[in-house]
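Asker: Below is the structure, and that's it, no one-letter string:
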């Protein structure tokens, strides 16, 4: 399985939300729906506070419970990679995948009714481009690439910096990494 | 202290601010599926244990409700789908890792099993209906086949009934993202509840006093088992991780506490078990009250489980700025 990963540097993310706008524009996401979002996380007790901005989306997990739970195979891995896509022609809208996602990253596409989510802009990836959110980031804090190759930027970033993933305890093996 | 606020909007309908993808349709389907499982299990067991003389209504009359109730349940399931025209996709594949896929195919097997179970006693129980079936050569053939293979039909019906009852619980427990559901106790709990509901249906439907008392006794045992399983489920949550403790708090002290303890445990379990005990002790009570409460309790179990499970989660984003949160950081 080709392992695609997104690496986001929380030290340089300023929470501008350009990534959210770029995603909506690139993927024609209807008004009122979000494939990605930005979280401001504050920790500590005043005056010792730290703040972190995180651009979040579907984590395209290597062990995605949404894929295993789907009764029709609509949720599937794209071309032997970890990019999780939804085939609208197979989706019944049962919402089992929404219930299965610990990140609540999926949405119901209105008015059609099939399930939708971040696709890592696979239509751009297959042309060798980065996802729209990564391309648009003004601080260049977002990176995308293949983890199987140790020489890619994402591989080198994860080797050289401390990082975390969200909710690793769920066992889904997410592939969006946050440099801390 | 940690506080996580959404900087951008995230208000995907039925997902934010808390999950609300399934409303009454799924609990109704789970309840009717469990009831169908109970009906098939009891009918099959009575045939296999050769107790038809003691429980004729349960063995022969009640089973006609199985395909009817299951159809209503599947109708509710269909209403829940967001992409309805593609419902046939459930049957173009079998996804071995998906409990929902298992359930789709089990349901397909339950129908013929329940119909064979009806047919194997239809000529004695529903002669007019048998006459209608016998008008067609295929109907005559299937009825004769079912009558001559009664034991095998009962064995398969028992197996499928147990699978159906378990599957309704495994369907929810497979969702590890919902801490309230993620327990192995849901499968036996839902099967036991289904059996209890079927026993209540016998008490409601049978005209034989001895049969009603027999199933009232069974129901006392089944409700007691249900209470034990619920207690174990709560203990499992109480001795679990932070997300499980939070899930438990919804039914102990949160918004669902009154519904869980008063409407479900008291009215749906404790009151019926007391009434059943009074009945088998020879006290005069209104016979219909206890079974109606048991059926109500069966539905409430699924309704509360589905609702609390959706509210339990791993993430806790605050959807908009709340000045009161500043106090948490001081």
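Answerer: Yes, it's here. Small disclaimer: the values here were computed from a predicted structure and weren't measured. Numbering: from 1, shown residues only, chains lettered A, B, ... in the order given.

Asker: Which residues are in contact with whichever residue of the stretch 51-200 of chain B sits closest to chain A?
Answerer: In the stretch 51-200 of chain B, the residue that lies nearest chain A is residue B:82 (2.8 Å; Cβ to the nearest Cβ). Yep, even glycine has a C-beta here, placed from its N, CA and C like the rest. By Cβ atoms under 8 Å, 6 or more residues apart in numbering or on different chains, the residues touching residue B:82 are A:92, A:93, A:94, A:95, A:108, A:113, A:114, A:115.

Asker: Test my guess that the third one contacts residue B:80.
Answerer: Yes. Under the criterion of Cβ atoms under 8 Å, residue A:94 lies in contact with residue B:80, with a separation of 7.5 Å.

Asker: Looking at these two, which one has more neighbours?
Answerer: Using other Cβ atoms under 10 Å in any protein chain shown as the criterion, residue A:94 and residue B:80 rank with residue A:94 on top: 29 against 19.

Asker: From residue A:129, how far out is residue A:143?
Answerer: 13 Å (Cβ to Cβ, to the nearest Å).

Asker: which of the two has more neighbours?
Answerer: The neighbour count for residue A:143 versus residue A:129, taken as other Cβ under 10 Å, is higher for residue A:143 (21 against 13).

Asker: a helix runs through that one, doesn't it?
Answerer: No. Using DSSP: H, G, I helix; E, B strand; the rest coil, the assignment for residue A:143 is strand, not a helix.

Asker: got the contact list for the residue lying closest to it once chain neighbours are set aside?
Answerer: Spatial nearest neighbour of residue A:143, chain neighbours left out: residue A:7 (4.5 Å); criterion: Cβ to Cβ, 6 or more residues apart in numbering or on different chains. Listed by Cβ under 8 Å, 6+ apart, the contact partners of residue A:7 are A:142-145, A:153-154, A:157-158, A:163, A:176-179.

Asker: When you filter the residues you listed down to buried only, what's left?
Answerer: Buried by 16 or more other Cβ atoms under 10 Å in any protein chain shown: A:142, A:143, A:144, A:145, A:154, A:157, A:158, A:163, A:176, A:177, A:178, A:179, out of these.

Asker: wait, isn't the fourth one in contact with residue A:155?
Answerer: What it means is residue A:145. Yes. Using Cβ under 8 Å, residue A:145 is in contact with residue A:155, at 7.3 Å.

Asker: Give me the residues contacting stretch B:289-304.
Answerer: With Cβ under 8 Å, 6+ apart as the test, stretch B:289-304 has contacts from B:24, B:26-28, B:30-31, B:34-35, B:189-190, B:193-194, B:196-197, B:199-201, B:203-204, B:216, B:219, B:223, B:251, B:256, B:259-260, B:263-264, B:267-269, B:271-272, B:275-276, B:279.

Asker: sorry, that was for stretch A:133-152
Answerer: Contacts of stretch A:133-152 (Cβ under 8 Å, 6+ apart): A:2-14, A:16, A:18-23, A:36, A:55, A:57, A:120-121, A:124-125, A:129-131, A:153-159, A:175.

Asker: Skip the chain neighbours and tell me the closest residue to residue B:305.
Answerer: Nearest residue to residue B:305, sequence neighbours excluded (Cβ to Cβ, 6+ apart): residue B:172, at 6.8 Å.

Asker: Among the buried ones among the contacts of residue A:7, which one lies nearest to chain B?
Answerer: When the buried ones among the contacts of residue A:7 are ranked by distance to chain B (Cβ to the nearest Cβ), residue A:178 comes first, at 13.0 Å.

Asker: part of a strand, is that closest one?
Answerer: Yes. Under three-state DSSP, residue A:178 falls within a strand.

Asker: ok so, going back, only whichever of the contacts of stretch B:289-304 are buried, select them in PyMOL.
Answerer: Applying 16+ other Cβ under 10 Å to these leaves a buried subset, and the PyMOL line that selects it is:
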select buried, chain B and resi 26+27+28+30+31+34+35+189+190+193+194+196+197+199+200+201+203+204+216+219+223+251+256+259+260+263+264+268+269+271+272+275+276+279
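
Asker: The residue nearest to residue B:305 sits in which helix or strand?
Answerer: helix B:150-173 (DSSP states H and E).

Asker: which helices and strands does that helix pack with?
Answerer: helix B:25-48, helix B:99-119, helix B:186-205, helix B:289-311 (3 or more Cβ pairs under 8 Å, 6 or more residues apart in numbering or on different chains; DSSP states H and E).

Asker: again, only this time at 10 Å
Answerer: Where contact means 3 or more Cβ pairs under 10 Å, 6 or more residues apart in numbering or on different chains; DSSP states H and E, helix B:150-173 is packed against helix A:96-100, helix B:25-48, helix B:65-80, helix B:99-119, helix B:137-148, helix B:186-205, helix B:289-311.

Asker: Now tabulate those in JSON lines and tack on mean pLDDT and distance to residue B:212.
Answerer: As requested, those are arranged in JSON lines below (pLDDT from 0 to 100; distance: least, Cβ to Cβ, whole Å):
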{"stretch": "helix A:96-100", "mean pLDDT": "97", "distance to residue B:212": "40"}
{"stretch": "helix B:25-48", "mean pLDDT": "97", "distance to residue B:212": "14"}
{"stretch": "helix B:65-80", "mean pLDDT": "96", "distance to residue B:212": "17"}
{"stretch": "helix B:99-119", "mean pLDDT": "94", "distance to residue B:212": "22"}
{"stretch": "helix B:137-148", "mean pLDDT": "93", "distance to residue B:212": "27"}
{"stretch": "helix B:186-205", "mean pLDDT": "97", "distance to residue B:212": "5"}
{"stretch": "helix B:289-311", "mean pLDDT": "97", "distance to residue B:212": "9"}
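
Asker: Take the contacts of residue B:82 and keep only those in helices.
Answerer: Assigned to helices by DSSP state H, none of those qualify.

Asker: can you name the two of those that are farthest apart?
Answerer: Spanning the widest gap among the contacts of residue B:82 are A:92 and A:108, at 12.0 Å by Cβ to Cβ.

Asker: sorry, back to before: could you tell me which residues touch both of residue A:94 and residue B:80?
Answerer: Contact with both residue A:94 and residue B:80 is made by residues B:21, B:22, B:26, according to Cβ atoms under 10 Å, 6 or more residues apart in numbering or on different chains.

Asker: was I right about the last one contacting residue A:95?
Answerer: I take that to be residue B:26. Yes. Here residue B:26 reaches residue A:95: they are 9.3 Å apart, a contact under Cβ atoms under 10 Å.

Asker: which residues are common contacts for those two?
Answerer: Shared contacts of residue B:26 and residue A:95, counting by Cβ under 10 Å, 6+ apart, come down to residue B:80.

Asker: which non-adjacent residue is nearest residue B:310?
Answerer: Nearest non-adjacent residue to residue B:310, counting by Cβ to Cβ, 6+ apart: residue B:19, 4.1 Å away.

Asker: contacting residues for the closest residue to residue A:104 other than its chain neighbours?
Answerer: Spatial nearest neighbour of residue A:104, chain neighbours left out: residue B:15 (5.5 Å); criterion: Cβ to Cβ, 6+ apart. Contacts for residue B:15 (Cβ under 10 Å, 6+ apart) come out as A:33, A:34, A:95, A:98, A:101, A:104, A:105, A:106, A:107, A:108, B:21, B:310.
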